[in-house]
Structure formats: structure tokens, C-alpha cells
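> Below is the sequence, then the predicted model.
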Amino acid sequence: MIKILQQIFRTGIVTEPLAPEDDKDILLVGKQLEKAIKKRFSRSLTIRMVDAGSCNACELEIHALNNAFYDCERFGITFTASPRFADMLLVTGPVSRNMEVALKRTYNATPNPKLVVAVGDCAFDGGIFGRSYASLGGVAEAVKVDAYIKGCPPTPNALLTGILRAVNPNNSERT
């Protein structure tokens, strides 16, 4: 244990900060999102992420929202493992036939009013996987979708903007 701590102190911080223009964009969207979340929920927004059959690229970008650079919790966003505590479902990937029942059960277990956001091109229309014997196509084929976030994969900034679009659909200030 001592060797590990010594190595940590010798190495120091090796990550790079975000570019200043990216940091400004994240802060701008984040502040709008924080205001919309407090207005709609009067508390934090709790998200349950569901992988419906993706290649995991979108999940990596969603995980990046939780890292020290993007730190989505400062804007009032938390993730949960249980759909019973969730306000929003972030669904990635085309809905595989094996995941259709699980996605519908997760949707039904989420309390009303629930929001569903389809993340990535595959969640929109099936992407490169399309519709086949193994895939239903987009998330809307299985459950009602409130907002789509395009991209393969979408950037963390696009994810925050899409979540803002779902939380506050009438906002004319968003980008």
C-alpha cells in the first residue's frame, strides 16, 4: 500500500484540462440545465442508463459526464441503478429483441412523469445495425421517446444539451 501511495505522489496529476472554449460551452449548457432541473423537479435529476444493445461508445461518453472534467453532479444530475428512483431513462443502442422486454420493464418501473432520451444514432433509427431478425431498430419501436441526441457517439456537451431539451422542451434559448 505504501508503494502505491508513493507512486501516486511521484506521478502527480497527469490528466489534461478541457480546452477553454469547451469549458465555456459546458458551463453555459450546465447552468441552463441546472435552472431547468430545479424548476421542473425542485431537486436533482436522477437518471437510469439502459444499454439496449449498443456498441458501448455512447456509454463511454455518458460515463465521461461523471468524470472530473464534466462533473455533471454540479449541475444537479445523478445516476441511479434502480429505475424506481429515476426521473429519466437514457437509452443507448438499437433495441435488440433480447432487450425489448427488459427495456419495457424498466420503463414501466420508472415512476411518472418519466422522461426517455434516446442517445446516439443507433437509438434514433437503428444506426448501422438497422432493423433485422435481432434488432427492432430505434428506441421508439419499444417505448415512447421524449428527446433524441444524435451522434456516433454524441459528445458530453451534446448529451447535456439533449438532456436540457428533454427537461425543458419549451426553452427557446437552447442551442
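Received, thanks.

> And the next helix or strand past the helix or strand where I4 lies?
Using DSSP states H and E, I4 sits in helix 2-11. Next helix or strand after helix 2-11 toward the C-terminus (DSSP H and E): helix 20-41.

> Now tell me what touches the helix holding I4 from outside.
Residues from elsewhere that reach helix 2-11 (Cβ atoms under 8 Å, 6 or more residues apart in numbering): none. C-betas here are computed from N, CA, C, even on glycine.

> Rounded mean pLDDT for stretch 2-9, please.
Stretch 2-9 shows a mean pLDDT of 77 in the predicted model.

> Output the lowest-mean-pLDDT helix or strand in the chain as PDB, nothing but the C-alphas.
The weakest-scoring helix or strand in the chain, judged by mean pLDDT, DSSP states H and E, is helix 2-11 (a mean of 77). Extracted in PDB, the C-alpha atoms of helix 2-11 (Å, rounded to 0.1, in the frame of the first residue of the first chain):
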ATOM      1  CA  ILE A   2       2.800   2.400   0.800                       C
ATOM      2  CA  LYS A   3       4.400   1.700  -2.600                       C
ATOM      3  CA  ILE A   4       1.200   2.600  -4.300                       C
ATOM      4  CA  LEU A   5       0.800   5.900  -2.400                       C
ATOM      5  CA  GLN A   6       4.500   6.800  -3.100                       C
ATOM      6  CA  GLN A   7       3.900   6.100  -6.800                       C
ATOM      7  CA  ILE A   8       0.800   8.400  -6.800                       C
ATOM      8  CA  PHE A   9       2.700  11.200  -5.100                       C
ATOM      9  CA  ARG A  10       5.600  10.800  -7.500                       C
ATOM     10  CA  THR A  11       3.400  10.800 -10.600                       C
END
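
> chain center to the helix holding I4: distance?
Remark: helix 2-11 is offset 34 Å from the chain centroid, using Cα atoms, centre = their mean, to the nearest Å.

> With stretch 113-129 instead?
Here the centre of stretch 113-129 is set off from its chain's centre by 11 Å, with Cα atoms, centre = their mean.

> So what touches it?
Taking contacts as Cβ under 8 Å, 6+ apart, the residues outside stretch 113-129 that touch it are 52-55, 57-58, 62, 86-94, 107, 135-140, 143-154, 159, 162-163, 166-167.

> tell me which residues in that stretch are buried?
Neighbour counts over stretch 113-129 (16 or more other Cβ atoms under 10 Å) mark 114-127, 129 as buried.
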